[in-house]
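Chemist: Here's a sequence, model it:
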Amino acid sequence: MSKSASRNKVKPDTILKTFWRDNDHFADLFNAALFDGEQVLNPADLMEVDTDVSSMVKFNNHAETVQKVLDVVKKTAYGVDFVIWGLENQSKIHYAMPLRHMIGDSFSYLKEYNEIAARNKAEKGFESSDEFLSNLKRTDRLHPVISLCVYYGEKEWDGPFCLADMLEIPEKLKPLVSDYKMNLLQLRKSGSLRFHNQDVDTVFDVSRSIYEKDFQKINTVYKEKAIPAELGVVIGAITESQSLINHALQSEKKGGQIYMCGALEELVNEGVQRGRQEGRIEGLQEGIQANIRTCKTFKISKSDTIKNVVKEFALSEDAAKAYVEKYW
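Modeler: All right, here's what the predicted structure looks like:
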């Protein structure tokens with residue numbers, strides 16, 4: 001691996017935002033996650049809008065500026081109205097995520113309200129004191145906001161799914177408390193979703209396989225299949241595999257495609273290093289066992305595995321051979 005590749009430190013959040021800004025990717029994600037694969041969103045209708053919904057909140061004599069920037073926001077013609085579709089990336093479990101979504105959506109509504117109110121005041125077209133007081137005409141309407149949180153984490157989401165999950169409510173008061181639902185997509189549970197875009201389907205399928213350690217499937221389905229290098233970068237960002245990102249960026253310079261057979265070699269090396277780290281943390285024997293298990297998964301021969309164990313753990317060839325025979 002070149003020194004330039006080893007120095008690649010691309011922020012995963014930036015990679016994912018760039019991927020989802022593509023209209024085809026964005027529409028397919030929402031159609032699969034919220035509409036059971038039905039083609040409700042048309043990529044041709046989507047346009048990107050400002051993600052900054054920061055605003056000044058006023059209450060009595062107190063005013064405070066609150067900053068809120070969403071990851072990706074699209075506005076689409078849907079029937080007569082415009083619908084704003086917001087996407088927020090999340091790689092770790094956030095136990096206040098429904099509240100974050102509620103605040104973000106509320107700020108989107110507040111931003112549009114302020115724009116309409118400013119226009120109405122400038123035009124001075126109020127027909128009643130009620131309209132003047134609220135700065136809204138009786139016929140003014142806000143556009144609905146539908147937001148989606150994509151959780152990329154390896155462990156299952158054990159956080160709240162709605163605002164009510166975050167509240168401790170006496171039984172008698174539950175019917176009176178307003179709830180706020182969060183739309184959540186878990187990558188590790190996305191196997192049943194019906195994606196139509198090949199790029200999106202590949203990103204989710206390979207990432208799930210890596211999390212599930214189903215390297216046999218990757219070997220069978222993707223080993224000799226060329227995929228765009230940019231997808232390799234996205235998959236590496238999701239699975240936190242710097243070696244896969246480096247491999248994809250190197251391949252991009254050579255033609256823009258990668259073969260998973262080469263990428264798998266990078267994953268093997270990364271798996272070996274993880275095995276070595278396990279050895280430091282949990283003991284040498286456990287680390288060696290993890291190393292051998294990784295090599296076997298990737299169908300590395302016994303002789304090459306022995307050499308690998310000798311190199312990584314500074315063992316004699318006889319000792320390494322004994323471990324391989326024991327744990328193979």
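Chemist: pretty sure G86 is in contact with V72, am I right?
Modeler: Yes - look at G86 against V72 with C-beta atoms under 8 Å: they come within range, at 7.3 Å. Yep, even glycine has a C-beta here, placed from its N, CA and C like the rest.
Chemist: what do the two both touch?
Modeler: Shared contacts of G86 and V72, defined by C-beta atoms under 8 Å, 6 or more residues apart in numbering, are absent.
Chemist: where does the stretch 101-250 of the chain have low pLDDT?
Modeler: Scanning the stretch 101-250 of the chain with the threshold set as pLDDT under 70 gives 223.
Chemist: so which helix or strand takes in K296?
Modeler: helix 284-297 (DSSP states H and E).
Chemist: now for whichever helix or strand comes after that helix, which elements pack on it?
Modeler: Remark: after helix 284-297, the chain's next helix or strand is helix 302-313, criterion DSSP H and E. Here helix 302-313 touches helix 260-282, helix 284-297, helix 317-327, going by 3 or more C-beta pairs under 8 Å, 6 or more residues apart in numbering; DSSP states H and E.
Chemist: let's go with 6 Å and repeat that
Modeler: Packing partners of helix 302-313 (3 or more C-beta pairs under 6 Å, 6 or more residues apart in numbering; DSSP states H and E): helix 284-297, helix 317-327.
Chemist: ok, back up a step: and the angle for the helix holding K296 with helix 302-313?
Modeler: 140 degrees (axes from the mean of the first three to the mean of the last three C-alpha atoms, to 10 degrees).
Chemist: in helix 284-297, what's buried?
Modeler: Going by neighbour count (16 or more other C-beta atoms under 10 Å), the buried part of helix 284-297 is G287, I288, Q289, A290, N291, I292, T294, C295, T297.
Chemist: Likewise for stretch 122-136?
Modeler: In stretch 122-136, counting by 16+ other C-beta under 10 Å, buried: F126, E131, N135, L136.
Chemist: Okay, and which of those residues map to helices?
Modeler: The members of these that map onto helices under DSSP state H are E131.
Chemist: can I get the buried residues of stretch 122-136 in CSV with distance to Q257?
Modeler: Converted to CSV, the buried residues of stretch 122-136 look like this (distance: C-beta to C-beta, whole Å):
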residue, distance to Q257
F126, 60
E131, 59
N135, 55
L136, 53
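Chemist: Looking at the buried residues of stretch 122-136, which is nearest G104?
Modeler: For those, the closest approach to G104 (C-beta to C-beta) belongs to L136, at 21.8 Å.
Chemist: Who are the contact partners of A33?
Modeler: Going by C-beta atoms under 6 Å, 6 or more residues apart in numbering, A33 touches L148, L185.
Chemist: if I've got this straight, it is in a strand?
Modeler: No - A33 sits outside any strand when classified using DSSP: H, G, I helix; E, B strand; the rest coil, being helix.
Chemist: what about the helices in the stretch 1-150 of the chain?
Modeler: According to DSSP state H, counting those that start in this stretch, the stretch 1-150 of the chain carries its helices in the segments 3-6, 12-21, 23-34, 97-123, 129-134.
Chemist: and the ones you listed, which is most packed in?
Modeler: Counting by mean count of other C-beta atoms under 10 Å, helix 23-34 has the highest mean neighbour count of those, with a mean of 21.
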